[in-house]
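**Q** build the 3D model from these lines:
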Amino acid sequence: MSFVRTYTKPRVFAAAVLGSLVVGALLGVVARQTEAGWLTDLLDQIGTIFTTLLQIAVIPLVFTAIVVGINSLRKLGGGRTAARLGGKTVMWFAITSFIASLIGIAAGRIFNPGAGGLGGVEATAKNADKAAKSVSSWGSWDSFINGLLPENFVKAFADGETLQVLFLALVIGAAAYSLGDKAKPFVDFTSSVFEIIQRYLGWIVRLAPIGIVGLIGAAVSNYGDALFRPLFSTTLAVYVGCLVVLFVVYPILLQFVAKVSPLKFFSKSATAIQFAFASQSSAATLPLTRQSAVNLGVQPAYAAFATPLGSATKMDGCAAVFPAIAAIFVANLAGVSLNFWQYVGIVVVAVVGALATAGTTGWLTAFTLTTSFIGLDAKQVAIGLALIYSVNPIMDMMRTATNVAGQIVVPTIVARAEGLLDDEVLNAPTDRPQTTDDGSAARHTEPAPA
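**A** Model (predicted):
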């Protein structure tokens, strides 16, 4: 039965999310105005518990989903078909990242965040220390390349290194695919683990409204006006840039390339996008993302491959729109005018550096890679990052929602081009189950010839 239908009803879930945002903000204001430390601590603890419950599943989910996804491509044809699908998927990831980065630059230029320097805004010592450590840890291509290969299989999982786990999943999934029936017991076991993790996440989805109250309440209580005044232009630029990608770029691609009604798309992907907004995690949203793609008519075998890959590498909000705006923000703080080639560098990082954004620190990695690549001063980058930390929970909601929408859009586009989009399923009522008991589509088209 549909994961989306089983655990959430779009309208009810949307109302719960919006209500939780309001309640959380009000409780945060009360805690700050009354200096009720116990309430701030309680809100922070609720948000932390919700985030932890989500993150428990991220590493095993990424590994199992990609291994299962790669081997599901066998249902679509031979190796040539799988390679073509993979190539087209990655190509569209790059195309949409390119467009999103340009929109991020435009938003940054229009809102000009950070203009006039610090303007009385000071980074807290805690955030400054965290920022300096982050810049030194994540701010270079060498760090990215060296962090790609794990020292050993167990350590990658134990340390929660999402990028390393992604690499292992791709290699092991490909090896299992090449072995065929010999690897079937392993693939079946991995598939069972994947289903168990999905069921676990389904339970956590129900807790999202409570988690939002804690996350928003703690942010408002801790930072107060810093969320809305000194850094308002930066936050607004991120929201506007992401909203343009979400409600202009994606609908145009859907309408004219995928031949899918944008209204139909949003009606069938609303729950996934809303949960991404609430959870701030593409990986935790993966089961909803995959089901949304299937409900839009994408052949399940291809959706099982494309959406897990996208959850780790397809981040238009975190890795394209946001770093472009953040780079302009840091440059303005430092009183530096970016030149044409630095803007080109921002676009290059957005297109080719998507893999580096894997995991929960995706925005951070994209930020530090971009600013270091275009040559901004490390001290100014640390100051800018320390300031961004204070508003990051607010920005990350919109960034993640945009990420997840793109992770559904690209498989839909590729599926249409490859003859893997079922219009009967696409046009079925939104509230009707779209999958059979074994998880396959009620009906699907045959793949295009290899």
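**Q** CA only for contacts and neighbour counts going forward, please
**A** Fine.
**Q** can you get me a residue count around residue 158?
**A** Neighbour count of residue 158, defined by other CA atoms under 10 Å: 9.
**Q** distance of residue 191 from residue 377?
**A** Relative to residue 377, residue 191 is positioned 47 Å away (CA to CA, to the nearest Å).
**Q** of those two, who's got more company?
**A** residue 191 (18 against 14).
**Q** so which strand or helix has the more buried one?
**A** helix 184-205 (DSSP states H and E).
**Q** list the buried residues of that helix.
**A** Across helix 184-205, burial judged by 16 or more other CA atoms under 10 Å covers 187, 190-191, 193-195, 197-198, 201-202, 204-205.
**Q** how far away is residue 184 from residue 61?
**A** 19 Å.
**Q** report all helices and strands that the helix holding residue 191 contacts.
**A** The helices and strands touching helix 184-205, judged by 3 or more CA pairs under 8 Å, 6 or more residues apart in numbering; DSSP states H and E, are helix 3-7, helix 37-72.
**Q** reformat the buried residues of helix 184-205 as JSON lines; add pLDDT and distance to residue 239.
**A** As requested, the buried residues of helix 184-205 are exported to JSON lines (pLDDT from 0 to 100; distance: CA to CA, whole Å):
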{"residue": "187", "pLDDT": "90", "distance to residue 239": "41"}
{"residue": "190", "pLDDT": "92", "distance to residue 239": "38"}
{"residue": "191", "pLDDT": "88", "distance to residue 239": "37"}
{"residue": "193", "pLDDT": "91", "distance to residue 239": "36"}
{"residue": "194", "pLDDT": "83", "distance to residue 239": "33"}
{"residue": "195", "pLDDT": "85", "distance to residue 239": "34"}
{"residue": "197", "pLDDT": "86", "distance to residue 239": "31"}
{"residue": "198", "pLDDT": "77", "distance to residue 239": "30"}
{"residue": "201", "pLDDT": "78", "distance to residue 239": "27"}
{"residue": "202", "pLDDT": "76", "distance to residue 239": "28"}
{"residue": "204", "pLDDT": "80", "distance to residue 239": "26"}
{"residue": "205", "pLDDT": "74", "distance to residue 239": "24"}
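**Q** with adjacent residues omitted, what lies nearest to residue 41?
**A** Of all residues not flanking residue 41 in the chain, residue 218 sits nearest, at 7.6 Å (CA to CA, 6 or more residues apart in numbering).
**Q** and that neighbour, what element?
**A** helix 208-223.
**Q** ok, back up a step: where's the residue nearest to residue 41 relative to residue 167, distance?
**A** From residue 218 across to residue 167, the span is 35 Å (CA to CA).
**Q** ditto for residue 389
**A** Distance from residue 389 to residue 167, by CA to CA: 29 Å.
**Q** what of residue 106?
**A** 34 Å.
**Q** next one: residue 159
**A** For residue 159, the distance to residue 167 - CA to CA - is 15 Å.
**Q** ok, those two, which is more surrounded?
**A** residue 167 (17 against 10).
**Q** ok, that one touching residue 153?
**A** No. Judged on CA atoms under 8 Å, residue 167 makes no contact with residue 153 at a distance of 10.6 Å.
**Q** ok, the residue nearest to residue 41 touching residue 44?
**A** Yes. At 5.0 Å, residue 218 and residue 44 qualify as touching, with contact defined as CA under 8 Å.
**Q** more neighbours: these two, which one.
**A** More neighbours surround residue 218 than the other of residue 218 and residue 44, with 30 against 21 (other CA under 10 Å).
**Q** pLDDT of stretch 279-296, averaged?
**A** On average, the pLDDT along stretch 279-296 is 89.
**Q** that older thread, deepest-packed of the helices and strands packed on helix 184-205, please.
**A** helix 37-72 (a mean of 21; mean count of other CA atoms under 10 Å).
**Q** which neighbouring elements make contact with that one?
**A** Checking 3+ CA pairs under 8 Å, 6+ apart, helix 37-72 ends up next to helix 10-33, helix 162-179, helix 184-205, helix 208-223, helix 300-313.
**Q** next, count neighbours for residue 34.
**A** Neighbours around residue 34, by other CA under 10 Å: 10.
**Q** likewise for residue 110?
**A** There are 11 residues near residue 110, going by other CA under 10 Å.
**Q** tell me the pLDDT of it.
**A** 95.
**Q** give me the neighbour count for residue 323.
**A** Residues contacting residue 323 under the criterion other CA under 10 Å number 31.
**Q** so residue 424 sits against residue 297, correct?
**A** Yes. Using CA under 8 Å, residue 424 is in contact with residue 297, at 7.4 Å.
**Q** any idea which helix or strand in this protein has the lowest mean pLDDT?
**A** The weakest-scoring helix or strand in the chain, judged by mean pLDDT, DSSP states H and E, is helix 3-7 (a mean of 43).
**Q** the helix or strand where residue 414 lies: which residues count as buried?
**A** Assessed by DSSP H and E, residue 414 sits inside helix 378-417. For helix 378-417, a neighbour-count test (16+ other CA under 10 Å) marks 378, 380-417 as buried.
**Q** avg pLDDT for that helix?
**A** Here the average pLDDT along helix 378-417 is 86.
**Q** contacting residues around residue 236?
**A** Neighbouring residues of residue 236 by CA atoms under 8 Å, 6 or more residues apart in numbering: residue 111.
**Q** what do you get for residue 73?
**A** By CA under 8 Å, 6+ apart, the contact set of residue 73 is 82, 301-302, 305.
**Q** quick one: pLDDT of it?
**A** pLDDT, residue 73: 77.
**Q** next one: residue 79
**A** Listed pLDDT for residue 79 reads 71.
**Q** cool, and residue 148?
**A** Reading off the model, residue 148 has pLDDT 67.
**Q** use 612 as the first number from now on
**A** All right, first residue 612 from here; so that's residue 759.
**Q** picking that back up, C-alpha coordinates for the helix holding residue 802, CSV please?
**A** Extracted in CSV, the C-alpha atoms of helix 795-816 (Å, rounded to 0.1, in the frame of the first residue of the first chain):
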residue,chain,number,x,y,z
LYS,A,795,20.1,-12.6,-4.9
PRO,A,796,20.1,-13.6,-1.2
PHE,A,797,22.1,-10.5,-0.4
VAL,A,798,19.8,-8.3,-2.4
ASP,A,799,16.7,-9.8,-0.9
PHE,A,800,18.1,-9.3,2.6
THR,A,801,19.0,-5.7,1.8
SER,A,802,15.5,-5.1,0.4
SER,A,803,14.0,-6.4,3.6
VAL,A,804,16.1,-4.1,5.7
PHE,A,805,15.1,-1.2,3.4
GLU,A,806,11.4,-2.0,4.0
ILE,A,807,11.9,-2.2,7.8
ILE,A,808,13.6,1.2,7.7
GLN,A,809,10.7,2.7,5.7
ARG,A,810,8.2,1.4,8.2
TYR,A,811,10.3,3.0,11.0
LEU,A,812,10.4,6.3,9.2
GLY,A,813,6.6,6.0,8.7
TRP,A,814,6.2,6.1,12.4
ILE,A,815,8.5,9.0,12.8
VAL,A,816,6.6,11.0,10.2
